[in-house]
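Undergrad: Model the following, please.
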Amino acid sequence: MQQMARRVAALYAERDVERFGRAWGANELVLGLVGDVGDLAKLAQGKAGVRPHSDLDAALEHELADCLWSVIAIADALDIDLERAFGNAMEELSQRLGGPAAAVET
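TA: Now for the predicted structure:
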């Protein structure tokens, strides 16, 4: 997933350089994520029957993927090893919840 996300991020960076003279930085990527999360929230309301939307499941899939892409792009922009950070966070949560150590697959 990260490799695919990085390829798309590179394409966005090229486009942004042409349009704006520079690629988006972490701050713009975070703002984009905020917008995507807002869209996701509206679609989740649709799933609960509050906000109807045509082709709801496909829209939810797309928006979740957009959010995931944004998180990967932000981590890269901030030089965060997301895979390591995720493993550490899951281990911490597992311990906090009294469960067994989180298994890390390699």
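
Undergrad: residues in contact with the most centrally placed residue in the chain?
TA: The chain has residue 68 as the residue nearest its centroid, 2.3 Å off, counting by CA atoms, centre = their mean. Listed by CB atoms under 8 Å, 6 or more residues apart in numbering, the contact set of residue 68 reads 1, 5. Every residue, glycine included, has its C-beta placed from N, CA and C.

Undergrad: State the distance from it to residue 33.
TA: In this view, residue 68 and residue 33 are 10 Å apart by CB to CB, to the nearest Å.

Undergrad: Same question for residue 91.
TA: Taken as CB to CB, the span from residue 91 to residue 33 is 24 Å.

Undergrad: Residue 79 too?
TA: Going from residue 79 to residue 33 by CB to CB gives 17 Å.

Undergrad: more neighbours, those two?
TA: Applying other CB atoms under 10 Å to residue 79 and residue 33 shows that residue 33 carries more neighbours, namely 19 against 7.

Undergrad: what kind of secondary structure is the closest residue to residue 81 other than its chain neighbours in?
TA: Closest residue to residue 81 apart from its sequence neighbours, by CB to CB, 6 or more residues apart in numbering: residue 75 at 7.7 Å. Secondary structure state of residue 75, per DSSP: H, G, I helix; E, B strand; the rest coil, is helix.
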